[in-house]
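S.K.: Here is my input, please return the structure:
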Amino acid sequence: MNSAVKLVRSTRLTPAVDYAYAAVVDAPVRSLWLAGACPLDAEGRTVAVGDYAGQAHQVMRNLITVLEETGAGLTDIVRTTVYVASGDQADLVKVWDVYREYMGEHDVPSTLLGVSVLGYHDQLVEVEAVAVLP
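M.R.: Next up, the predicted model:
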C-alpha cells in the first residue's frame, strides 16, 4: 500500500522517543477519523478482562478491521491517542509495547495517556486514530 503519510523526525529534538514528532500528508486526500477502538468482541463483550496486553491486541485488531473496510491500513494512520485505564506506568508500557508491535516501522505521532476510567465495563484500553484514505 502506498501511503500519502510522510513521518517527520526532528534532528533538533531527542531521538530517544520511539515515534515520529509529526506527520505530513503530501497530497489532497480524504481523511478518516476513527472512533476509539475498544476491546470488544463481535457480540459487544469486553475481552481479556484484567489483561492490559490482551485488550490492546483486541483493540488493534478492531482498529485494523475498520481501516480495511475503508480500503486503508495501519500505514495510512497520521496520528493516534492511546488511552490506558491505569495510573501505573508499567501498565501503560504493556499497552504501548503491543501497540508498537502492530504499528511496526510506521511510528506515527502519538499520545499515550493514563486515565481513570473508560466507557465500557471492564475496559482498560482504547486507541483513537486519524488516517488518510489511499
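
S.K.: Show me the shaky parts of this protein.
M.R.: For the chain, the stretches with pLDDT under 70 are 1-3.

S.K.: Helices along that one, start to end?
M.R.: 52-69, 89-103 (DSSP state H).

S.K.: Thr111: which of those is closest?
M.R.: Proximity to Thr111 (Cβ to Cβ) singles out helix 89-103 among the helices of the chain, at 11.0 Å. C-betas here are computed from N, CA, C, even on glycine.

S.K.: export the closest one as CSV, just CAs?
M.R.: C-alpha atoms of helix 89-103 as CSV (Å, rounded to 0.1, in the frame of the first residue of the first chain):
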residue,chain,number,x,y,z
GLN,A,89,3.2,3.5,34.2
ALA,A,90,4.1,-0.2,33.8
ASP,A,91,0.5,-0.9,32.6
LEU,A,92,0.9,1.9,30.0
VAL,A,93,4.2,0.4,28.8
LYS,A,94,2.5,-3.1,28.4
VAL,A,95,-0.2,-1.5,26.1
TRP,A,96,2.4,0.6,24.3
ASP,A,97,4.5,-2.4,23.5
VAL,A,98,1.5,-4.2,21.9
TYR,A,99,0.6,-1.0,20.0
ARG,A,100,4.2,-0.7,18.7
GLU,A,101,4.2,-4.4,17.7
TYR,A,102,1.2,-3.7,15.3
MET,A,103,2.5,-0.3,14.1
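
S.K.: backbone phi and psi for Thr11, please?
M.R.: Phi and psi for Thr11, reported as degrees, to the nearest 10, are phi -80, psi -10.

S.K.: Could you report the neighbour count for it?
M.R.: 5 (other Cβ atoms under 10 Å).

S.K.: Gly87 too?
M.R.: Using other Cβ under 10 Å, Gly87 has 10 other residues around it.

S.K.: And Ala90, by the same measure?
M.R.: Neighbours of Ala90 (other Cβ under 10 Å): 8.

S.K.: and what of the one 3 residues further on?
M.R.: Burial of Val93 is recorded as 13 neighbouring residues (other Cβ under 10 Å).
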